[in-house]
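Visitor: Below: sequence and its predicted model.
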Amino acid sequence: MLTNLFKSVLHNIGVLVVGFAFAFLGTELDLLLGLHPFHSLLTTITAWLLLAMGFLLRIWATYDFYQRRMKVIVLVPQTSMIITGPYRFTRNPLYLGGNVFIFGGAVLWLGSPGGLILTAVVIIATDFMIRREEKQLEKTFGEEFIRYKIRVRRWL
């Protein structure tokens, strides 16, 4: 149990690093486009809240994977569905926690307008990818996935 929690934390520290690298790309886009950074107490508080929520949500979701001896990142379809834990509230807690909350929080923390644009593009691209994954899940799990899809939202 503690091993899985430790693995979940380590895994998601990596996601935080990627989120800040992504936000840094946004600052480079700002320089290229001549956009000025923004900073305020509200954006800083929002950034910290998003980062914390994203990190904790991803730890919870990856922990569920590790508890079931499943890999979080695979190139082939999973052999079982997880519908407990954070998957009761969103079908995609890993994408929500990372691509939305962590990326968005890091971008806000750096105050990057270009990063906000990049985050929007990533969310749109992720949604297309999720829709493709859902077709595969429906093929693999059939009625079980359809019932789950009706009961739980894609994002929030």
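Guide: Cool, the structure landed.

Visitor: Quick check: which ranges of this structure have low pLDDT?
Guide: 75 (pLDDT under 70).

Visitor: Which SSE is immediately downstream of the helix or strand where residue 103 lies?
Guide: Per DSSP states H and E, residue 103 falls inside helix 103-110. Using DSSP H and E, the helix or strand that follows helix 103-110 in sequence is helix 113-141.

Visitor: wait, isn't residue 117 in contact with residue 29?
Guide: Yes. In this structure, residue 117 is within contact of residue 29 by C-beta atoms under 8 Å, at 7.2 Å. Using the backbone N, CA and C atoms, a C-beta is placed for each residue, glycine as well.

Visitor: quick one: contacts for residue 144?
Guide: residue 81 (C-beta atoms under 8 Å, 6 or more residues apart in numbering).

Visitor: Report the separation between it and residue 153.
Guide: Computed as C-beta to C-beta, to the nearest Å, the residue 144 to residue 153 distance reads 17 Å.

Visitor: Residue 109 too?
Guide: 27 Å.

Visitor: cool, residue 79 as well?
Guide: 24 Å.

Visitor: same check, this time on residue 118
Guide: 24 Å.

Visitor: With neighbour numbers in mind, choose between the two.
Guide: residue 118 (19 against 10; other C-beta atoms under 10 Å).

Visitor: Which residues are in contact with the closest residue to that one other than its chain neighbours?
Guide: Using C-beta to C-beta, 6 or more residues apart in numbering and skipping the chain neighbours, the partner closest in space to residue 118 is residue 26 (5.2 Å). Contact partners of residue 26, counting by C-beta under 8 Å, 6+ apart, are 107, 110, 112-119.
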